[in-house]
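Novice: Predicted model and sequence below, questions to follow.
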Amino acid sequence: MATCANDDADEGPNEPGAAPYGNFINYYRFNPPENRLSLIPSTLLGDLGYNEKREPTLLLDVGCNSGELSIALYKHLVETPGRTNVNLLAFDLDENLIERAREVNPVPGSVTFIPMDITGDCSPLREHLAWHGNSHFHLTTCLAVTMWIHLNHGDAGFLQFLSRLAELSRHLLLEVQPWKCYGSAARRLRKLGRSDFEHFKTLKLCGDVSEHARKHLETHCQMEFVQCFGRTIWHRKLLLFKRK
């Protein structure tokens, strides 16, 4: 997960721009969890109808980085009266970030971190669902991840990624980076003397990327838009979808 703010800042190895997959080492220093949590109701699980079920409520956090937001989100949604039996699985492709997340996890029985690349083998997610006797995660959060999939895997990879999220989820909370962030990410990569993103100059799904995502989810993925929880401090919408 990443930002597109402050394009002209000096950048060392741990600053924005040094991570072409969005796996920034100190991401939550410049985008702390409260920037999103202030927009998400703490009653969300109950509002979605997941408050009185005996079966476990299964949450999935896609691209969790070092886990601060995953843990904060779990506490935000679960540590309210009457909420029990909630499990959150969080993953990131960067094994070093996952190791950091595991080391500081205060709720290891309820929040699990695994290394995984969602564009590859997703069997760990399906095994997790099967273990809990479910076919879908009740709520999947995908916050500021889409751009990195799009830049590294092109339009087809971007749409396939959305389809995979929809296939796994009953509800999906999505934060899509706007198009201006793509140019910022490309400039930062060039400043570091690295090769440009392979697909950046050939992307056709540009402009209003969140609208492209919405149309694909609604037209091809059996999902429907529920509501927008507002915009983050970087003017990104938090969009909630559900399976039809």
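Specialist: Sure thing, it's come through. Numbering: from 1, shown residues only.
Novice: Show the contacting residues for the closest residue in space to V104 that isn't next to it in sequence.
Specialist: Distances taken as Cβ to Cβ, 6 or more residues apart in numbering put G67 closest to V104, at 6.9 Å, once the chain neighbours are dropped. Bear in mind the C-beta positions are built from the backbone N, C-alpha and C, glycine included. The contact partners of G67, taken as Cβ atoms under 8 Å, 6 or more residues apart in numbering, are 90, 97-98, 100-102, 104-105, 111, 113.
Novice: Between those residues, which sits nearest R194?
Specialist: Closest approach to R194 among the contacts of G67 (Cβ to Cβ): L97, at 19.5 Å.
Novice: Can you pull out the low-pLDDT segments for the chain?
Specialist: For the chain, applying pLDDT under 70 flags the ranges 1-18, 52-54, 80-84.
Novice: What is the longest helix of it by residue count?
Specialist: Assignment by DSSP state H gives helix 146-168 as the longest helix of the chain.
Novice: just checking, next helix/strand downstream of that one?
Specialist: strand 169-175 (DSSP states H and E).
Novice: Could you identify the helix or strand that succeeds that following strand?
Specialist: Next element after strand 169-175 (DSSP H and E): helix 179-191.
Novice: how about that following helix: buried residues?
Specialist: Buried residues in helix 179-191, counting neighbours by 16 or more other Cβ atoms under 10 Å, are found at 179, 181-182, 184-186, 188-189.
Novice: Specify the angle between whatever helix or strand T140 lives in and helix 146-168 in degrees.
Specialist: Applying DSSP H and E as the criterion places T140 in strand 137-143. Strand 137-143 and helix 146-168 are oriented at 170 degrees to each other (axes from the mean of the first three to the mean of the last three Cα atoms, to 10 degrees).
Novice: returning to what we had before: which secondary structure elements does the longest helix of the chain sit against?
Specialist: Contacts defined by 3 or more Cβ pairs under 8 Å, 6 or more residues apart in numbering; DSSP states H and E place helix 146-168 against strand 137-143, strand 169-175, helix 179-191, helix 209-220.
Novice: got the CA positions of it in CSV?
Specialist: Listed next in CSV are the C-alpha coordinates belonging to helix 146-168 (Å, rounded to 0.1, in the frame of the first residue of the first chain):
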residue,chain,number,x,y,z
THR,A,146,-4.8,-1.8,-7.0
MET,A,147,-2.3,0.6,-8.6
TRP,A,148,0.6,-1.7,-7.9
ILE,A,149,-1.2,-4.7,-9.5
HIS,A,150,-2.1,-2.5,-12.4
LEU,A,151,1.4,-1.1,-13.0
ASN,A,152,3.1,-4.5,-12.7
HIS,A,153,0.6,-6.7,-14.5
GLY,A,154,-1.2,-4.4,-16.9
ASP,A,155,-4.9,-3.9,-17.6
ALA,A,156,-5.6,-7.6,-17.8
GLY,A,157,-3.9,-8.3,-14.5
PHE,A,158,-5.8,-5.4,-12.9
LEU,A,159,-9.2,-6.8,-14.0
GLN,A,160,-8.2,-10.4,-13.1
PHE,A,161,-7.2,-9.2,-9.6
LEU,A,162,-10.6,-7.5,-9.1
SER,A,163,-12.3,-10.7,-10.3
ARG,A,164,-10.3,-12.8,-7.9
LEU,A,165,-11.3,-10.5,-5.0
ALA,A,166,-14.9,-10.7,-5.9
GLU,A,167,-14.8,-14.5,-6.2
LEU,A,168,-13.4,-14.7,-2.7
